[in-house]
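1. turn this into a structure:
(one chain, ligands or ions: 1)
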Amino acid sequence: MTTQSPTELAALTTLSEDERLFRDSVYEFADREIRPLVREMDEHAKIPRPLIDKLFELGVMGIEIPDGYGGAGATFFHSVLAVEALSRVDPSIGVLVDVQNTLVINALLRWGTDDIKRRHLPKMAAGTIGAYALSEAGSGSDAFAMATRAAERGGDWAITGRKLWITNGNEADLFIVFANVNPEAGYRGITAFLVERGMAGFTVGKKEDKLGIRASSTCELLLEECKVPRANVLGEVGKGYKVAIETLNEGRIGIGAQMLGLAQGALDHTIRYTRDRKQFGKAIVEFQAVKHQLARAATDVEAARLLVYNAARLRDAGLPFLTEAAMCKLFASEVAERTASLAVNLHGGNGFVKEYPVEKLYRDAKIGQIYEGTTNLQLETIAKQVLG
Ligand SMILES: Cc1cc2nc3c(=O)[nH]c(=O)nc-3n(C[C@H](O)[C@H](O)[C@H](O)COP(=O)(O)OP(=O)(O)OC[C@H]3O[C@@H](n4cnc5c(N)ncnc54)[C@H](O)[C@@H]3O)c2cc1C
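-> Numbering: from 1, shown residues only. Just a heads-up that it's a prediction; the model follows:
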């Protein structure tokens with residue numbers, strides 16, 4: 001008989017000492033440094049650079065980067081904890097950190113050559129922000145139908161095309177850009193390139209004016225014969241589809257964490273508000289109808305947390321997690337929308353005005369069902385796995 005350590009036998013939500021300290025320190029940072037700026041960042045649609053610098057100092061911008069490259073040398077699960085803790089206060093900061101870690105750094109670690117790792121990981125841990133550019137105006141869900149092309153130029157590459165809705169586009173210096181080098185081969189022509197701000201032929205275009213996560217930048221990218229050295233191909237030529245699929249499978253656990261944090265934040269605000277707000281001579285939380293609505297929301301949030309943590313732990317254990325990742329993103333984004341909607345209802349008129357924080361969370365929740373695979377696409381993935 002094998003013996004299991006107490007940690008192995010514990011609940012999915014049981015954190016190791018190190019995980020708990022990390023999660024708590026990120027949440028304390030968010031509460032202290034981010035919370036006072038949330039409304040202003042939403043109104044101005046901008047994250048101040050000094051706050052971004054503090055995120056680097058905190059160590060959440062290079063969570064899985066090994067110590068040797070200046071990172072925190074932690075796990076994917078730590079990234080999920082950080083995204084959850086930050087999104088509990090501001091989902092815009094949550095997605096900045098999420099894209100940096102679960103998409104860009106993750107792809108560099110998995111697919112980067114030693115040369116790429118040496119050139120980019122120390123910078124990513126110290127101050128460089130990354131972005132992940134797959135979508136285009138004509139290819140969102142059907143991402144591999146992209147029109148961006150790359151052609152060989154004396155051993156190097158020239159990329160031409162337009163990317164749309166790219167998170168962190170305004171702040172990023174390093175962009176993973178997907179382009180097709182051989183359209184006749186279909187998705188087998190797709191290749192991932194590292195494009196750096198300042199390269200000739202590359203410009204960041206318009207920044208979108210959005211419903212929610214307004215402080216997170218979402219930009220168009222324009223590439224016109226953008227010369228990219230051969231050494232900047234990430235993974236193999238023609239295997240970019242694998243880079244995209246595999247990083248997005250993991251990235252969507254991060255979006256699950258963002259939506260989980262958002263739902264928890266909405267619930268926190270609502271528990272506090274319903275205890276303070278008096279109607280008919282008592283706190284509204286005393287009405288059984290309200291208590292039960294909050295109990296249901298707390299159950300939703302706990303179920304989302306179990307799905308998100310399970311998917312992240314499976315990923316770190318090297319076990320299959322495709323279905324679980326799709327389920328956690330699907331469910332957590334629906335829970336975020338339901339919980340934020342309840343939060344607005346239970347704040348009454350105050351839920352509808354900007355002086356209170358929940359109307360923003362209600363707006364922020366919507367994106368969870370759209371990016372990194374819409375709800376319908378998650379259902380397709382789950383159905384394929386479950387039904388064969
Ligand atoms: C704020 C924001 C940030 C983003 N960040 C990034 C980023 O950093 N990098 C990046 O590459 N992209 C990013 N995106 C793009 C995002 O991933 C796409 O918007 C998303 O994948 C959906 O694509 P689409 O908008 O073209 O919608 P469409 O694909 O046109 O979908 C429209 C509707 O049709 C449904 N639909 C489509 N195909 C099917 C099908 N086969 N079966 C059933 N229903 C279907 C969808 O579910 C959806 O409801 C971002 C988008 C936003 C809004």
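2. phi, psi for the closest residue to the ligand within the stretch 201-350 of the chain please.
-> Per C-beta to the nearest ligand atom, the residue of the stretch 201-350 of the chain with the smallest distance to the ligand is T218, at 4.3 Å. Where C-beta positions appear, they are placed from N, C-alpha and C, glycine not excepted. Listed backbone geometry of T218 is phi -130, psi 110, with angles given as degrees, to the nearest 10.
3. so it touches E171, yeah?
-> No. Here T218 lies out of contact with E171, judged by C-beta atoms under 8 Å, at a distance of 11.5 Å.
4. tell me the contacts of the residue nearest in space to the middle of the chain?
-> Note on the chain: the residue nearest the mean C-alpha position is D98, at 3.6 Å, using C-alpha atoms, centre = their mean. Under the criterion of C-beta atoms under 8 Å, 6 or more residues apart in numbering, the contact list for D98 reads 79, 83, 251, 254-255, 257-258.
5. show the pLDDT at the residue in the stretch 101-250 of the chain that the ligand sits nearest to.
-> Using C-beta to the nearest ligand atom, the point where the stretch 101-250 of the chain gets nearest to the ligand is G140, with a distance of 1.8 Å. We have a pLDDT of 97 for G140.
6. what number of residues lie near it?
-> By the criterion of other C-beta atoms under 10 Å, G140 has 17 neighbours.
7. again, but for L86
-> L86 has 29 neighbouring residues, counting by other C-beta under 10 Å.
8. same question for T299.
-> By the measure other C-beta under 10 Å, the count of residues near T299 is 11.
9. ditto for G154
-> By the other C-beta under 10 Å criterion, the neighbourhood of G154 contains 8 residues.
10. what strand or helix carries K227?
-> Assignment of secondary structure by DSSP states H and E places K227 within strand 218-228.
11. surely R214 is in contact with R39?
-> No. Under the criterion of C-beta under 8 Å, R214 is not in contact with R39, lying 10.6 Å apart.
12. so the residue lying closest to N101 once chain neighbours are set aside is in which element?
-> Counting by C-beta to C-beta, 6 or more residues apart in numbering, the nearest residue to N101 once its immediate chain neighbours are dropped is S79, at 4.3 Å. Assigned by DSSP H and E, S79 belongs to helix 76-87.
13. can you list contacts of that helix?
-> Residues beyond helix 76-87 that count as contacts (C-beta under 8 Å, 6+ apart) turn out to be 15, 19, 22-23, 26-27, 30, 34, 60, 63-64, 72, 93-95, 97-98, 101-102, 106, 250, 253-254, 256-262, 264-265, 305, 308-309, 312-313, 315-316.
14. ok, now which ones touch the residue located most distally from the centre of the chain?
-> Here the centre of the chain is the reference, and by C-alpha atoms, centre = their mean the most remote residue is G281, at 43.4 Å. For G281, the set of contacting residues under the criterion of C-beta under 8 Å, 6+ apart is empty.
15. ok, now I190?
-> With contact taken as C-beta under 8 Å, 6+ apart, I190 is in contact with 144, 146, 178-181, 238-241, 244.
16. which ones among those residues map onto strands?
-> The subset of these located in strands under the criterion DSSP state E comprises 178-180.
17. between those, which is closest to R275?
-> Distance to R275 across the ones in strands among the contacts of I190 (C-beta to C-beta) is lowest for F178, with 49.0 Å.
18. name all residues that make contact with the closest one.
-> F178 is in contact with 133-134, 143, 146, 148, 190-193, 240, 243-244, counting by C-beta under 8 Å, 6+ apart.
19. got it, and D42?
-> Contact analysis of D42 by C-beta under 8 Å, 6+ apart lists 92, 214-215, 360.
20. possible to save these as TSV with secondary structure and pLDDT?
-> Converted to TSV, the contacts of D42 look like this (DSSP: H, G, I helix; E, B strand; the rest coil; pLDDT from 0 to 100):
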residue	secondary structure	pLDDT
S92	helix	98
R214	coil	98
A215	coil	98
K360	helix	98
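21. among the contacts of helix 76-87, name the ones in strands.
-> The strands in this structure, assigned by DSSP E, contain none of the contacts of helix 76-87.
22. of those residues, grab the buried ones for ChimeraX.
-> Here is the ChimeraX command that selects only those of those that count as buried (16 or more other C-beta atoms under 10 Å):
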select :15,19,22,23,26,27,30,34,60,63,64,72,93,94,95,97,98,101,102,106,250,253,254,256,257,258,259,260,261,262,264,265,305,308,309,312,313,315
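23. which of the contacts of helix 76-87 are close to the ligand?
-> Checked against the ligand using C-beta under 6 Å from any ligand atom, those give no members in range.
24. residues from the stretch 51-200 of the chain in reach of the ligand?
-> Applying C-beta under 6 Å from any ligand atom, we find that the stretch 51-200 of the chain lies next to the ligand at 99, 132-135, 140-141, 165-167.
25. need the residues you listed in CSV (columns: secondary structure).
-> Written out in CSV, the entries for those read as follows (DSSP: H, G, I helix; E, B strand; the rest coil):
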residue, secondary structure
V99, helix
Y132, strand
A133, strand
L134, coil
S135, coil
G140, coil
S141, coil
W165, strand
I166, strand
T167, strand
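26. give the buried subset of these as a ChimeraX selection command.
-> What follows is the ChimeraX syntax for the buried subset of these, where burial is set by 16+ other C-beta under 10 Å:
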select :99,132,133,134,135,140,165,166,167
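27. pLDDT value on A10, please?
-> 81.
28. can you give me the neighbour number for it?
-> Each residue near A10 was counted by other C-beta under 10 Å, and the total is 12.
29. likewise the one 10 residues further on?
-> Applying the criterion other C-beta under 10 Å, we find 12 residues in the vicinity of R20.
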